[in-house]
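>>> Okay, sequence plus prediction incoming.
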Amino acid sequence: MREYDVRQAHDLHVTHDGPGHGPPLLLIHGSGASGAFWQPMIPALAARHHVIRVDLPGCGHSPPARSYDVPHQAARVAAVLDDLGLSGVAIVGHSSGGYVATSLAEQRQDLVSSLTLISTGPSPDALLPQPLLLRLLLTPPFGRLVWSRRSDTMIRGGIKVTAARPVDLPDDLVADVRGITYRAFREVLDGNTAYITERDVPGRLAALGIPTLVIFGAADPRWEPSSARQYEAVPGARIDLLPGVGHLPMMEEPGLTGRLLLDFVT
């Protein structure tokens with residue numbers, strides 16, 4: 001990691017790593033997460049790239065928003081890139097961050113040189129039965145009550161249940177998750193569902209013609225791993241399934257995930 005600074009752009013919290021003159025690489029986290037989830041990959045990525053991490057509205061250090069619809073979030077991220085004077089950026093999204101990345105490309109293709117989707121469910125039918133804790137959080141009125149009483153142990157357990165390998169969850173990452181409001185959490189999930197119900201992700205990407213890499217854990221407990229093959233509908237898409245990896249490849253297997261990403265964007 002060569003340099004590090006944090007700034008606010010259009011009310012979104014933005015973190016920069018690596019040489020400012022390097023090829024830009026934007027990392028977008030998933031639902032109920034923050035830019036801190038990318039930390040295990042940052043040293044390798046920042047060796048040659050200007051790595052930009054954004055906390056989406058209502059997540060991490062970014063303030064809540066009026067709308068959490070996917071296109072609205074993507075427009076906010078596009079405004080960040082405009083503010084930084086960047087275009088032709090390699091965009092990477094984890095989980096539902098892949099929806100924001102896709103919507104960004106739909107709205108502003110001039111900003112995007114390539115798309116990498118990590119553990120991004122392609123369509124509603126690919127979703128697996130969810131863990132009991134998540135089902136409780138989505139069931140009113142229990143969800144709001146459980147959310148308000150979350151302990152650090154519960155937060156760590158909720159994250160680890162999505163992984164197939166041990167993951168390190170530092171205190172600052174847990175604090176980021178704790179700071180997310182129940183309203184933001186619910187509305188983000190509702191917005192994600194609406195986005196992929198309207199049109200599946202492979203169908204959206206096929207219409208764009210942007211170089212695409214898909215990375216999926218072969219032991220993902222959230223999305224049916226074989227559903228990664230739905231992305232074969234995207235012309236020229238590269239698909240990598242990681243054996244023994246769950247929903248968090250950038251934390252479970254940061255070395256391999258980073259190498260795949262760097263090889264693709266380079």
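Arrived safely. Numbering: from 1, shown residues only.

>>> okay, CA-based contacts and neighbour counts for the rest of this
Fine.

>>> Which per-residue confidence value corresponds to Arg144?
On pLDDT, Arg144 comes in at 85.

>>> three-state assignment of it?
At Arg144, secondary structure determined by DSSP: H, G, I helix; E, B strand; the rest coil is helix.

>>> Now do the contacts for it.
If a contact means C-alpha atoms under 8 Å, 6 or more residues apart in numbering, then Arg144 has Leu137, Tyr182 as its contacts.

>>> at 6 Å what do you get?
Counting by C-alpha atoms under 6 Å, 6 or more residues apart in numbering, Arg144 makes contact with nothing.

>>> ok, it to Lys160 distance?
Here the criterion is C-alpha to C-alpha, to the nearest Å. By it, Arg144 lies 21 Å from Lys160.

>>> contacting residues for Gly30?
Listed by C-alpha under 6 Å, 6+ apart, the contact set of Gly30 reads His94, Ser95, Ser96, Gly97.

>>> what's the closest of these to Arg183?
Ser96 (16.9 Å; C-alpha to C-alpha).

>>> Work out for me the element the residue nearest to that closest one when sequence neighbours are not counted sits within.
Of all residues not flanking Ser96 in the chain, Gly30 sits nearest, at 4.7 Å (C-alpha to C-alpha, 6 or more residues apart in numbering). According to DSSP states H and E, Gly30 maps onto no helix or strand at all.

>>> separation between Gly30 and Gly143?
Here the criterion is C-alpha to C-alpha. By it, Gly30 lies 20 Å from Gly143.

>>> Ok, Pro124 next?
To Gly143, Pro124 is 22 Å away according to C-alpha to C-alpha.

>>> got it, and Gln130?
According to C-alpha to C-alpha, Gln130 stands 14 Å off from Gly143.

>>> neighbour-wise, which of those two wins?
Using other C-alpha atoms under 10 Å as the criterion, Gln130 and Gly143 rank with Gly143 on top: 17 against 13.

>>> Please name the residues that touch that one.
Counted by C-alpha under 6 Å, 6+ apart, Gly143 has contacts Leu136, Leu137.

>>> would you list every one of the helices in the stretch 101-250 of the chain?
Taking DSSP state H, counting those that start in this stretch as the test, the helices found in the stretch 101-250 of the chain are 132-137, 142-148, 152-160, 171-178, 182-198, 201-206, 249-252.

>>> how about the contacts of Gly30 in a markdown table, adding neighbour count, distance to Met251 and pLDDT?
Putting those into a markdown table (neighbours: other C-alpha atoms under 10 Å; distance: C-alpha to C-alpha, whole Å; pLDDT from 0 to 100) gives the following:
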| residue | neighbour count | distance to Met251 | pLDDT |
| --- | --- | --- | --- |
| His94 | 29 | 11 | 98 |
| Ser95 | 22 | 13 | 98 |
| Ser96 | 27 | 16 | 98 |
| Gly97 | 27 | 15 | 98 |
